[in-house]
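Trainee: Predicted coordinates and the sequence they were generated for:
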Amino acid sequence: PEDPTRWESGLWKPDGYPCFVVPVQRDYRLKDRKEAEYRATRFHALVPAHVGDLDVDLILHGDSTGGGEPQTWEYGAAVFDDVILTPNEIGEDEFLLTAAPGKSVEAAIEEQVQSALIDGCEVLAWPELTVPLDRLAKIKEVLGRDPLTSPGRIPLVVAGSWHIEDDGAHVNRCEILQAGGLPLTHCDKRRRFEFQGRKEAIAPTQRIPLIVMDDRLVAISICLDFCDDRVPDLYADLGVDLVIVPSMGEEVTTEGHLRHAAVLQSRHGAVTFLVQQHPYLSLAKQRAGNRGYSFASPPPGATKSKGEILRSGDAVQNGRYRKLTARR
């Protein structure tokens, strides 16, 4: 649209058809030898308005990302190195996180944002269930400091997630921000994960937000929504170009993400960006183990055994911040 302030996704929905015709230029798909499958959608994406009982919500991103030629993007993966989870038991078999204390989280956020700005990252993401409301406010505050004179801008920021109350129920919500920490949209989790024999006490969402940029469609998928092998590859069916996955889990969770990322790249040439925090309940265990894993796009080791994947250097232990690069 010439005037983005007047944009409504309904303008891209043909009368009588359960889909959106979204203007997005993706010439890179021709160069990925997908001419036969995608020739008709070189300048548009055909996006279903509904997938089963899920509603697709298109969110227009105001930043221009250039043409549809192949590009290399920088991704900043941010994890915390001293966060201990505090679950609260709900009923007989559910839980919510009430706290994730850490001594240096504010300093870590400062460091992570500044590193991503210096690196010229297009995307910066934190893991699932590591960003309660006070840390979200800190992220917005650091991003909002005089962004016009910063050494770079971060067009897309995925500010982890947290259990919050919304309309009388709890949800696992991830906030998505634009440059300068400005709100863009949010993503709630669809599938509950199990932790120590209990499941998240959240209300699953029926909304799938898709971020529309001028040369790519971007999805946000929280952990189990992406890596669950028991359900079809939703994001491959939607034909997105980038999936950003805030996650929490151990090595087996990383392996699941790698498998689904490989499907996305094989079918669409799409990139998956994972940032995952390892769940710890005590300081002693946290000091003895890994803080988290991250990767951008599926690495070559995606079909190898667990040990080979983690030794490959493609999905590796994070410090507070790790820069990744992926070409699409």
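Mentor: Structure received.

Trainee: can you give me the helices in this protein?
Mentor: Taking DSSP state H to define them, one finds helices in the chain at 28-31, 35-38, 105-118, 133-143, 224-227, 234-238, 251-268, 283-288, 306-311.

Trainee: and among these, the most buried is which?
Mentor: Highest mean neighbour count of the helices of the chain: helix 224-227, a mean of 25 (counted as mean count of other C-beta atoms under 10 Å). For every residue, glycine as well, the C-beta is placed using N, CA and C.

Trainee: and residue 132, how far is that from residue 89?
Mentor: According to C-beta to C-beta, to the nearest Å, residue 132 stands 18 Å off from residue 89.

Trainee: Looking at these two, which one has more neighbours?
Mentor: residue 132 (19 against 12; other C-beta atoms under 10 Å).

Trainee: list the contacts for that one?
Mentor: 99, 100, 162 (C-beta atoms under 8 Å, 6 or more residues apart in numbering).

Trainee: And residue 266, by the same measure?
Mentor: Neighbours of residue 266 in contact, by C-beta under 8 Å, 6+ apart: none.

Trainee: ok, now how distant is it from residue 260?
Mentor: For residue 266 relative to residue 260 (C-beta to C-beta), the value is 11 Å.

Trainee: again, but for residue 197
Mentor: 25 Å.

Trainee: Over to residue 64?
Mentor: Noted for residue 64: a distance of 30 Å to residue 260, by C-beta to C-beta.

Trainee: Point out where the chain drops to low pLDDT.
Mentor: Low-confidence segments of the chain, defined by pLDDT under 70: 1-6, 31-41, 66-68, 146-152, 281-289, 299-318.

Trainee: Scan it for its longest strand.
Mentor: For the chain, the strand reaching the highest residue count under DSSP state E is reported as strand 169-177.

Trainee: Can you list the strands that that one pairs with?
Mentor: Strand 169-177 sits in its sheet next to strand 156-159 (antiparallel), strand 162-166 (antiparallel), strand 183-188 (antiparallel), going by DSSP bridges.

Trainee: Just the CA trace of the last one, in CSV.
Mentor: Output in CSV follows, covering the C-alpha atoms of strand 183-188 (Å, rounded to 0.1, in the frame of the first residue of the first chain):
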residue,chain,number,x,y,z
PRO,A,183,5.9,-2.7,19.3
LEU,A,184,5.0,-4.6,16.1
THR,A,185,2.9,-7.5,17.2
HIS,A,186,2.9,-10.5,19.5
CYS,A,187,2.8,-14.3,19.2
ASP,A,188,1.2,-16.7,21.7
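
Trainee: Any buried residues in it, and which?
Mentor: By 16 or more other C-beta atoms under 10 Å, the buried positions in strand 183-188 come out as 184, 185, 186, 187, 188.

Trainee: follow-up on the earlier one: could you dump the helices of the chain to JSON lines with distance to residue 206?
Mentor: Formatted as JSON lines, the helices of the chain follow (distance: least, C-beta to C-beta, whole Å):
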{"stretch": "helix 28-31", "distance to residue 206": "30"}
{"stretch": "helix 35-38", "distance to residue 206": "29"}
{"stretch": "helix 105-118", "distance to residue 206": "32"}
{"stretch": "helix 133-143", "distance to residue 206": "24"}
{"stretch": "helix 224-227", "distance to residue 206": "12"}
{"stretch": "helix 234-238", "distance to residue 206": "13"}
{"stretch": "helix 251-268", "distance to residue 206": "21"}
{"stretch": "helix 283-288", "distance to residue 206": "35"}
{"stretch": "helix 306-311", "distance to residue 206": "33"}
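
Trainee: From residue 242, how far off is the nearest residue to residue 61 once chain neighbours are set aside?
Mentor: Ranked by C-beta to C-beta, 6 or more residues apart in numbering and with sequence neighbours excluded, the top spatial neighbour of residue 61 is residue 213, at 4.8 Å. As judged by C-beta to C-beta, residue 213 and residue 242 stand 9 Å apart.
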